[in-house]
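Engineer: Take this sequence and fold it.
(one chain, ligands or ions: 2)
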Amino acid sequence: MTEDEVTEPALAPAPAPSAPALPSDSLLDQLELSTGHFQRGQGIDLSGLSEAASSVPDAARGQFSPDAPTPCAFITGRAGSGKTWTIRERCSSDPQYAALASSTGISAINLNTVTIHSLLGFFDTDSLRDAYLHGSAQRRLRKVADEGFRNVVVDECSMIGRETLDLLVRVFDDVNLHREEKGEGPVGLILLGDFGQLPSIADRPAGYRPTPGRRSKSLPTPWCFESQFWGRFAENETRLMKVWRQTDPRFLAALDFARAGRGRESLEVLRSSGFAFSDSVDMVYKGTTVVGKNDEVDRINQLRLDRERGRLIQLPSRRWAAGGKTRPEWKHIPDRTILREGCYVMILANQYDEGRMVYANGDCGWVRGIESAHGTQPSVMVELVRTGEVVAVQSLVRDISHLEKPQWVSAAEWPEQGKESDGRFLAQPHYRKAKGRYVVGQMEYYPLRLAYATTLHKAQGLTMDSCQVDIRSWMMKSPAMIYTALSRCRTLAGLRLVGTAEMFADRCKADPKVARWL
Ligand SMILES: Nc1ncnc2c1ncn2[C@@H]1O[C@H](COP(=O)(O)OP(=O)(O)OP(=O)(O)O)[C@@H](O)[C@H]1O
Ligand SMILES: [Mg+2]
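Structural biologist: Ligands and ions are numbered 1, 2, ... in the order given. Purely as a prediction, here's the structure:
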């Protein structure tokens, strides 16, 4: 076809915009919009968040029972109700309160924690069973308890399966029975999460091979609340009631309906706010596009990066570990992150300056350059969407460390890191004097990744400024996907939904099994 032959397809006339109908008061009235802070079986604490944080259960302070030697607790609440924030506040005021862990590698990187898998030395349900049978998981947990932690918190617990929780409780019970015999206090297990969000993935039967070219059959979700031990968590459940991530009552109402699987009502509220659906993905969208697959994410990020003309910036990461034993979740950090000036990135860390939040996990912005200061690693300058401020993102160093000198590390000497170099990268076993810990591995990296696209799983736990969600994707057919995606975004203005209103109404689904938390 020559250029002359190119014809413009006739466009259907745009429908005349209809005046948005306000949702009936009764529709909004049906919702118990979250205004309180905190609710427990024992009552409601409305006295403010710091108190709320200090009132989150200290599982390990209960009465000992030989049938249930592990104190258990469950902290839940809608997306953005401050579950992660509250626990972090609790830990920063009382560092021995809990060792923080997360249910998946990606959430561990997003939340700057370790996975429960690497904390206890397993990688899937089968290896957890082996680690329990051989006692290696108990040995790991004993070390955590010996370091003085009273609890282990597992964030994003909706992604933990039933059998995994059964085994985890067995590991904790074993350890706590021994601790009780020795007159030591127990270590509690606190689950943190929202069953209205991403579910766990069923383990495939042994020997299962998917048929090439065919989508594998979905298996029912093995929810952790179906564990034989769930009753112990249920009797110590705390619900955080106030949603902090969003403030617009209509957006909150639309989110609540979507969460409950009431797509029509959610749609009605969205329409009343003048929200319009888009019919195609905007390839130059000024924000993050949520897509189904990792390779799609990589391709979109690459294409968008290719359009940038700014200076190339290569950010290396480096790591070492005695005996090669790095943490499995570190595999999610690439050896090199390639950016350009002007490109759109997400920051995966929190930074405070004298109590003021400089940037928060999930903050997005544009790279404006690199700045070097004498004696430190260069900083990447990022202009934040949220505030317009240009902030300096520094590299982070993560340690694998122990209170006791590990006997299995055959280091000739353990050089001491003093105050001036505390926490810096030093690629050999060493002793951090300020922390009193023996370091046997480290990773240094920039907590930045390209943010033009992400999978929903990579966005779990994050707060985002603007996102475009393609609800036509097959992935969005599953329960909770639309709610999880929508609830990442702070504002309705920052949200772009690609697909039809009908499709939206049909695809807001909730698993009936989680109804009691919706
Ligand atoms: N008490 C608070 N005061 C101010 N901001 C808060 C407070 N609690 C939470 N936030 C902010 O609200 C946002 C959501 O908090 P957080 O990520 O802890 O929610 P969450 O319940 O863990 O959500 P998700 O279910 O998506 O993981 C964050 O940006 C956080 O900084
Ligand atoms: Mg969270």
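
Engineer: contacts and neighbour counts: CA atoms only from here.
Structural biologist: OK.

Engineer: Residue 133 and residue 162, how far apart?
Structural biologist: 18 Å (C-alpha to C-alpha, to the nearest Å).

Engineer: Which of these two has more residues huddled nearby?
Structural biologist: Neighbour totals were compared for residue 133 and residue 162, and residue 162 leads with 22 against 13 (other C-alpha atoms under 10 Å).

Engineer: give me every residue that touches that one.
Structural biologist: By C-alpha atoms under 8 Å, 6 or more residues apart in numbering, the contact list for residue 162 reads 222-227.

Engineer: Let me see the ranges of the helices in the stretch 351-500 of the chain.
Structural biologist: Using DSSP state H, counting those that start in this stretch, the helices of the stretch 351-500 of the chain run over 481-486.

Engineer: ok, which residues in the chain are in contact with ligand 1?
Structural biologist: Within the chain, the residues that sit near ligand 1 (C-alpha under 6 Å from any ligand atom) are 49, 78-85, 194, 244-245, 461-463.

Engineer: Would you check which of those residues are in contact with ligand 2?
Structural biologist: Counting by C-alpha under 5 Å from the ion, 84, 461 from these sit close to ligand 2.

Engineer: By neighbour count, which of the residues of the chain next to ligand 1 wins?
Structural biologist: That'd be residue 79 among those, by other C-alpha under 10 Å, with 29 neighbours.

Engineer: Let me know the secondary structure of that one.
Structural biologist: coil (DSSP: H, G, I helix; E, B strand; the rest coil).

Engineer: So for the closest residue to residue 232 other than its chain neighbours, what's the pLDDT?
Structural biologist: Residue nearest to residue 232 in three dimensions, not counting chain neighbours: residue 72, with 5.9 Å by C-alpha to C-alpha, 6 or more residues apart in numbering. Listed pLDDT for residue 72 reads 92.

Engineer: Residue 72: neighbouring residues, count only.
Structural biologist: Quick note: residue 72 (other C-alpha under 10 Å) scores 29 neighbours.

Engineer: Isn't it up against residue 229?
Structural biologist: No. Taking C-alpha atoms under 8 Å as the definition, residue 72 is not a contact partner of residue 229, at 9.4 Å.

Engineer: Leaving out chain neighbours, which residue sits closest to residue 416?
Structural biologist: In space, residue 416 is closest to residue 431, 4.8 Å off (C-alpha to C-alpha, 6+ apart).

Engineer: Point out where the protein drops to low pLDDT.
Structural biologist: For the chain, the stretches flagged by pLDDT under 70 are 1-64, 202-219, 374.

Engineer: if we go to 80?
Structural biologist: 1-66, 106-107, 109-112, 201-221, 292, 329, 354-355, 357, 373-376, 411-412 (pLDDT under 80).

Engineer: need the residues of it near ligand 2, please.
Structural biologist: Neighbours of ligand 2 within the chain, by C-alpha under 5 Å from the ion: 84, 461.

Engineer: which residues of the chain fall in helices?
Structural biologist: If DSSP state H is used as the criterion, the helices of the chain fall at 25-29, 49-55, 83-93, 105-111, 116-120, 125-134, 136-146, 162-181, 230-234, 249-259, 263-272, 294-307, 481-486, 501-507.

Engineer: okay, the angle between the longest one and helix 136-146?
Structural biologist: Pointing back at helix 162-181 there. 50 degrees (axes from the mean of the first three to the mean of the last three C-alpha atoms, to 10 degrees).

Engineer: buried residues in helix 162-181?
Structural biologist: By neighbour count on 16 or more other C-alpha atoms under 10 Å, the buried set for helix 162-181 is 162-177, 179.

Engineer: Repeat that for stretch 108-123.
Structural biologist: Across stretch 108-123, burial judged by 16+ other C-alpha under 10 Å covers 108-122.

Engineer: Run through the residues that contact the one residue in the stretch 51-200 of the chain that gets nearest to ligand 2.
Structural biologist: Residue nearest to ligand 2 within the stretch 51-200 of the chain (C-alpha to the ion): residue 84, separated by 4.2 Å. The contact partners of residue 84, taken as C-alpha under 8 Å, 6+ apart, are 155, 192.

Engineer: show me what contacts the residue nearest to residue 416?
Structural biologist: So residue 431 contacts 414-417, 437-439 (C-alpha under 8 Å, 6+ apart).

Engineer: same thing but 10 Å
Structural biologist: For residue 431, the contacting residues are 401-403, 405, 413-418, 422-423, 437-440, by C-alpha atoms under 10 Å, 6 or more residues apart in numbering.

Engineer: thinking again about what came up before, anything in contact with each of residue 72 and residue 229?
Structural biologist: residue 169.

Engineer: For the nearest residue to residue 195 once chain neighbours are set aside, give its distance to residue 487.
Structural biologist: Spatially, and ignoring its direct neighbours in sequence, residue 195 is nearest to residue 158 (5.2 Å; C-alpha to C-alpha, 6+ apart). Computed as C-alpha to C-alpha, the residue 158 to residue 487 distance reads 16 Å.

Engineer: between these two, which one's more packed in?
Structural biologist: Between residue 158 and residue 487, counted using other C-alpha under 10 Å, the more crowded position is residue 487 (30 against 23).

Engineer: wouldn't that one be in contact with residue 251 here?
Structural biologist: Yes. In this structure residue 487 lies within contact range of residue 251 using C-alpha atoms under 10 Å: 9.3 Å.

Engineer: who touches the closest residue to residue 440 other than its chain neighbours in this structure?
Structural biologist: Residue nearest to residue 440 in three dimensions, not counting chain neighbours: residue 429, with 4.9 Å by C-alpha to C-alpha, 6+ apart. By C-alpha under 10 Å, 6+ apart, the residues touching residue 429 are 320-322, 401, 406, 409-416, 438-442.
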